[in-house]
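1. Can you look at this prediction? I've put the sequence above it.
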Amino acid sequence: MDDYPLLNIFWTMLWLFLWVMWFFLLVKVVTDVFRDHGLSGWGKAGWLLLVLLLPYVGVLVYLIARGKGIGERDAKQAKGHEEALHQYIQKAAGNVRSSADELSKLSALKDKGDITQEEFDRVKVELLA
């Protein structure tokens, strides 16, 4: 511990944090390049080459030139996921409701005497399966 002072540990941790933060930005930029449907194939290739050949400069230039769009595309993607989840929940709840409606209609038919208890039980098992 004496050969590596506390201040050196602090600097090492700071540089490690900055490296992880830059790596996160690099991954964010690359995923944003491929997620942007308005960007042509040549545009995507150009940004990717710039970011990979000159990583620090490329990430900074991308953030300056297209930084505002990153947040807009993130919000659009989150909204799309939320709508898909909402539609899935409605579909799943609709199926439950339709089974419950069918059971109530079936029960009304049995109460009126239109179907027998055996028919009711058979169709009920089919609906609940």
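-> Ah, there it is.
2. make it CA atoms for all contacts and neighbour counts henceforth
-> Noted.
3. for residue 115, helix, strand, or coil?
-> coil (DSSP: H, G, I helix; E, B strand; the rest coil).
4. What strand or helix carries residue 73?
-> Under the criterion of DSSP states H and E, residue 73 resides in helix 55-112.
5. same for that helix, what does it pack against?
-> The contact analysis (3 or more Cα pairs under 8 Å, 6 or more residues apart in numbering; DSSP states H and E) places helix 55-112 against helix 6-35, helix 41-53, helix 117-128.
6. Ok, which of these comes nearest residue 76?
-> helix 6-35 (11.0 Å; Cα to Cα).
7. okay, now residue 106: neighbour count?
-> By the measure other Cα atoms under 10 Å, the count of residues near residue 106 is 19.
8. cool, and residue 80?
-> 12.
9. cool, residue 10 as well?
-> Using other Cα under 10 Å: residue 10 sits among 11 other residues.
10. for residue 115, same thing?
-> Residue 115: 14 neighbours (other Cα under 10 Å).
11. from memory it sits against residue 108, does it?
-> No. Residue 115 is beyond contact range of residue 108, at 9.5 Å (criterion: Cα atoms under 8 Å).
12. what's the average pLDDT for the helix holding residue 73?
-> Confidence for helix 55-112, expressed as mean pLDDT, is 86.
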